[in-house]
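**Student:** need a structure here:
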Amino acid sequence: MRLLELPEPPRVVGIDLHRARGLAGPVAGGVRFRRLDLTDPRSDAALAEILVDEQVDALVHLAFRSHPTPDVDYDHELETIGSLHVMHACASAKVERLVFGSTTMLYGPRPNNPNFLDEESPLNGHPDAHCVKNRVEAEGLLAEWTRRHPDVDVTVIRPCWVVGPTARDPFTRYFERTIVPVPLGYDPLVQLIHEDDALNVYLRAVLEPHPGVFNAVGRGVLPLSTLLALAGKRSLPLPARLLNGLMQPAVRTGDPPDAFFDYLRYLWVADGARGWRAFGEPVYSTKEAWMSFISSRHMRRYA
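**Tutor:** You can find the predicted model right below:
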């Protein structure tokens, strides 16, 4: 925990449904754990009580799926309604700062997207990606809540795909393959951020007032084909029907395959200038973040 490595570390409280790995006791590694289920209709009151009891000044809301599940209704209850519970609790407990974790995936992949999408670009999402739609809805609720609560510093962080030695999600697992199926006839520009740079953004957002919405991205973009060539991987271009048929049995997300593959067809690159001005330059470019990810996966073979 980077917060605990500071010269004068603050008190850190982890709030979740399940105890995180490494938090074996009530206070482990300097982090106090409190259990909460955001899908409980009374969770806003329960969370407000925790925030008051723990004297919380800043709350980082990251209770979102790392990958969608077939339980579409539960995912919506957690991500959208759960976010509303968090907002209500922050208002009740008079929390000074709310940092809201989002993603540039909310801009949506579209063939007519501009080269760089800034923070004012519409959140078109994807019609078949239910967790993306949940987060678009949650951001809309947050924008309205922020207007009604000007006394709270609200920071929305929209990272692009995060890679690095410890990053693990559907994107990284997909590109760990030796042979990578890709949509035939497409070679979109891809944008990445290294996990260390993403963590640095969140750290500064917690410690400093940065009200507003910020894209968090590495500098530079690379074509998908270049990323695969740098990794020494073979691509397997397939038409949509074969690609979807190949992936459907292995993917249990509640979404059709195009909810993922459209992000490998069309442009959704974000403008990082506002985030770089607020939080500093990223250490890793898109290419360097990718090479860090690929190198770490190669080293695991020898561990």
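
**Student:** report all helices and strands that the host helix or strand of residue 171 contacts.
**Tutor:** Using DSSP states H and E, residue 171 sits in helix 170-174. In terms of contacts (3 or more CB pairs under 8 Å, 6 or more residues apart in numbering; DSSP states H and E), helix 170-174 is packed against strand 161-163. Using the backbone N, CA and C atoms, a C-beta is placed for each residue, glycine as well.

**Student:** let's see it at 7 Å
**Tutor:** Based on contacts counted as 3 or more CB pairs under 7 Å, 6 or more residues apart in numbering; DSSP states H and E, there is no element that helix 170-174 packs against.

**Student:** next SSE after it?
**Tutor:** Toward the C-terminus from helix 170-174 - assigned by DSSP H and E - lies strand 179-183.

**Student:** CA atoms only: put that next one into CSV for me.
**Tutor:** Taking C-alpha atoms only, strand 179-183 is exported to CSV below (Å, rounded to 0.1, in the frame of the first residue of the first chain):
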residue,chain,number,x,y,z
ILE,A,179,-1.8,-17.2,-30.6
VAL,A,180,-4.2,-14.3,-30.3
PRO,A,181,-7.5,-14.3,-32.3
VAL,A,182,-8.2,-10.8,-33.6
PRO,A,183,-11.0,-9.4,-35.8
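
**Student:** for the remainder of this discussion, apply numbering that starts at 51.
**Tutor:** Sure thing, new numbering starts at 51, so read that last one as strand 229-233.

**Student:** list the strands paired with that strand, with their directions.
**Tutor:** Note on strand 229-233: by DSSP bridges, its sheet partners are strand 284-288 (parallel).

**Student:** can you tell me the average pLDDT over the partner strand?
**Tutor:** Taken as a whole, strand 284-288 has an average pLDDT of 94.

**Student:** please enumerate the strands of the stretch 201-350 of the chain.
**Tutor:** 203-209, 211-213, 229-233, 239-240, 242-244, 262-266, 272-273, 284-288 (DSSP state E, counting those that start in this stretch).

**Student:** tell me the mean pLDDT over the fourth one?
**Tutor:** If I follow you right, that is strand 239-240. For strand 239-240, mean pLDDT is 97.

**Student:** direction included, what does it pair up with?
**Tutor:** strand 272-273 (antiparallel).

**Student:** quick one: residues in contact with the partner strand.
**Tutor:** Strand 272-273 is contacted by residues 237, 239-240, 336-337 when judged by CB atoms under 7 Å, 6 or more residues apart in numbering.

**Student:** of all the strands of the stretch 201-350 of the chain, which one comes closest to residue 296?
**Tutor:** strand 229-233 (5.9 Å; CB to CB).

**Student:** sorry, back to before: out of the strands of the stretch 201-350 of the chain, which is the most enclosed?
**Tutor:** Ranked by mean neighbour count, the strands of the stretch 201-350 of the chain are led by strand 242-244 with a mean of 27 (mean count of other CB atoms under 10 Å).

**Student:** quick one: that strand to chain centroid distance?
**Tutor:** 11 Å (CA atoms, centre = their mean, to the nearest Å).

**Student:** returning to what we had before: among the strands of the stretch 201-350 of the chain, which comes closest to residue 297?
**Tutor:** strand 229-233 (6.9 Å).

**Student:** what residues does the closest one touch?
**Tutor:** The set of residues external to strand 229-233 that reach it, using CB under 7 Å, 6+ apart, is 274, 278, 283-288, 290, 293, 296-297, 311, 314-315.

**Student:** what is the mean pLDDT for it?
**Tutor:** On average, strand 229-233 scores 94.

**Student:** same thing with stretch 343-353?
**Tutor:** pLDDT averaged over stretch 343-353 gives 71.

**Student:** the closest residue to residue 304 other than its chain neighbours and residue 303: what is the separation?
**Tutor:** Spatial nearest neighbour of residue 304, excluding adjacent residues (CB to CB, 6 or more residues apart in numbering): residue 120 at 4.1 Å. Distance, residue 120 to residue 303, by CB to CB, to the nearest Å: 7 Å.
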